[in-house]
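In: Below is the sequence, then the predicted model.
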Amino acid sequence: MVQASKALDRVLVLEMVRVTEAAAIAASTLVGRGDEKAADAAAVEAMRAAFNGLAFDGTVVIGEGERDEAPMLFIGEKVGSAQGAGPKIDIALDPLEGTTITAKAGPNALAVLAIAEEGCLLNAPDVYMDKLAIGPGYEPGLVSLEQSPSDNVRALAAAKGVKPSEIIACVLDRPRHEKLIAELRSLGCGIVLIPDGDVAGVIAVTDPETTIDIYMGQGGAPEGVLAAAALRCVGGQFQGRLLFRNDDERARAARWGVNDLDHIYQLDELVKGDAIFAATGVTDGSLLKGVKRHKNGYLTTESVVMRASSGTVRWVKGEHRTGKSDI
Ligand SMILES: O=P(O)(O)OC[C@H]1O[C@](O)(COP(=O)(O)O)[C@@H](O)[C@@H]1O
Ligand SMILES: [Mn+2]
């Protein structure tokens, strides 16, 4: 077997930024244009073209949907120009994480991906996932999806030496979170309600600048795996439980080999071994600035790329001259 450190060749680390940059730049032309589908399609096409320019043997394991519902970057699609020749890499991607945010020019839209050695990313079906995340530096198991939100807040507050009312939680602003929000309000917590974009929301717990202590609530399972990949690199705790609302979703679970429907996934079950996480900002957000178009015919991008095995985090600022062929 190829060692993880060899399989995810160093060269791939920076190449991954070129892939997310391409998707973000393509989507950026549609920021604030009210057309989610067009923005997503532009990002998907650009990300796929960028992947196919790379000499590696990749398979999309988390992508735009199942083969019959997504024309490109569907689950199972092979990408990269070295099929059969190089180490096999599995890819989780969301070319435009935050399609509505992009359409409305809101905060925290990202082009994002994670790669790992074959078999090392949870092949999460496209269902919801209950998510719980805190930053690095706490005792393992301090918070858990087996405990109530109140118990998790109290445990975190005790570990930080603050009152529960001083804890700041990040939650997606959705009617399904009414009960969770009421419970957090009864403790007096601060709640950062985000309109969309829980990849950035989860990662925010690792950055003291955001002041967010804990991420809670239900969002997309694919986004859960992507955020977990980032936390594998920078530290922090994350748990996820898949949620199935109907027989169709349970059938999806069976297709992806998920048998225990109530399982609580730990970070190292979502992303195993070495992994690389990369993201480029489409709109300004807590993690990254968005793509900016400057007068003199150039664009700027802000990206981050991280690697689990080394824990290295690289912040990459790009200047892209328009009219030149490659980025
Ligand atoms: O909008 P819903 O159905 O509550 O789903 C939540 C999910 O949608 C997002 O807000 C945005 O997803 P898209 O990338 O599909 O636009 C994710 O960050 C989140 O996990
Ligand atoms: Mn998304």
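Out: Everything's here; your move. Residues are numbered from 1 along each chain as shown. Ligands and ions are numbered 1, 2, ... in the order given.

In: For the residue nearest to residue 106 when sequence neighbours are not counted, give its distance to residue 229.
Out: Once flanking residues are discounted, residue 106 sits nearest to residue 195: 5.8 Å by CB to CB, 6 or more residues apart in numbering. To be clear about C-beta, it is placed using only N, CA and C from the backbone, and glycine gets the same treatment. For residue 195, the distance to residue 229 equals 23 Å [CB to CB, to the nearest Å].

In: more neighbours, these two?
Out: Between residue 195 and residue 229, counting by other CB atoms under 10 Å, residue 229 is the more crowded of the two (29 against 14).

In: Quick check, that one in contact with residue 279.
Out: No: look at residue 229 against residue 279 with CB atoms under 8 Å: they stay out of range, at 10.2 Å.

In: Centre of the chain to stretch 169-180, how far?
Out: 19 Å (CA atoms, centre = their mean, to the nearest Å).

In: Mind checking the pLDDT average for that stretch?
Out: Stretch 169-180 carries an average pLDDT of 98.

In: From the opening residue of that stretch to its closing one, how far?
Out: Chord length of stretch 169-180, first to last residue, is 11 Å (CA to CA, to the nearest Å).

In: buried set for that stretch?
Out: Within stretch 169-180, the residues that count as buried by 16 or more other CB atoms under 10 Å are 169-172, 174, 177, 180.

In: From those, which land in strands?
Out: 169-172 (DSSP state E).

In: before we move on, the earlier item: nearest to ligand 1 among the buried residues of stretch 169-180?
Out: Distance to ligand 1, by CB to the nearest ligand atom, is smallest for residue 174 among the buried residues of stretch 169-180, at 5.1 Å.

In: Show me where the stretch 201-327 of the chain has its strands.
Out: 214-220, 237-243, 264-266, 275-281, 292-293, 298-307, 313-321 (DSSP state E, counting those that start in this stretch).

In: pLDDT of the fourth one, averaged?
Out: I take that to be strand 275-281. pLDDT averaged over strand 275-281 gives 98.

In: near ligand 1, which residues of this structure show up?
Out: For the chain, the contact set with ligand 1 under CB under 6 Å from any ligand atom comprises 94, 96-100, 172, 174, 196-199, 219-220, 223.

In: need the contact list for the most centrally placed residue in the chain.
Out: Geometric centre of the chain, nearest residue: residue 226, 3.3 Å, by CA atoms, centre = their mean. Going by CB atoms under 8 Å, 6 or more residues apart in numbering, residue 226 touches 62, 92-94, 97, 112-114, 199, 277.

In: would a markdown table of the buried residues of stretch 169-180 with distance to residue 213 be doable?
Out: Shown next, in a markdown table, are the buried residues of stretch 169-180 (distance: CB to CB, whole Å):
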| residue | distance to residue 213 |
| --- | --- |
| 169 | 7 |
| 170 | 9 |
| 171 | 12 |
| 172 | 16 |
| 174 | 20 |
| 177 | 17 |
| 180 | 15 |
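
In: wait, which of those is closest to residue 310?
Out: residue 170 (27.5 Å; CB to CB).

In: Using the record, which stretches count as separate domains in the chain?
Out: 10-121+275-321, 128-270 (the TED database).

In: out of those, nearest to ligand 2?
Out: Among the domains of the chain, domain 10-121+275-321 comes nearest to ligand 2, with 4.0 Å by CB to the ion.

In: that older thread, my read is that the residue nearest to residue 106 contacts residue 173, right?
Out: Yes: the criterion here is CB under 8 Å, and residue 195 meets it with residue 173 at 5.7 Å.

In: between the helix or strand that contains residue 159 and strand 214-220, how big is the angle?
Out: Using DSSP states H and E, residue 159 sits within helix 149-160. Relative orientation of helix 149-160 versus strand 214-220 (axes from the mean of the first three to the mean of the last three CA atoms, to 10 degrees): 140 degrees.

In: How far does helix 149-160 sit from its chain's centre?
Out: 25 Å.

In: Up against ligand 2, what does the stretch 51-200 of the chain have?
Out: 94, 97 (CB under 5 Å from the ion).

In: element containing residue 37?
Out: helix 36-52.
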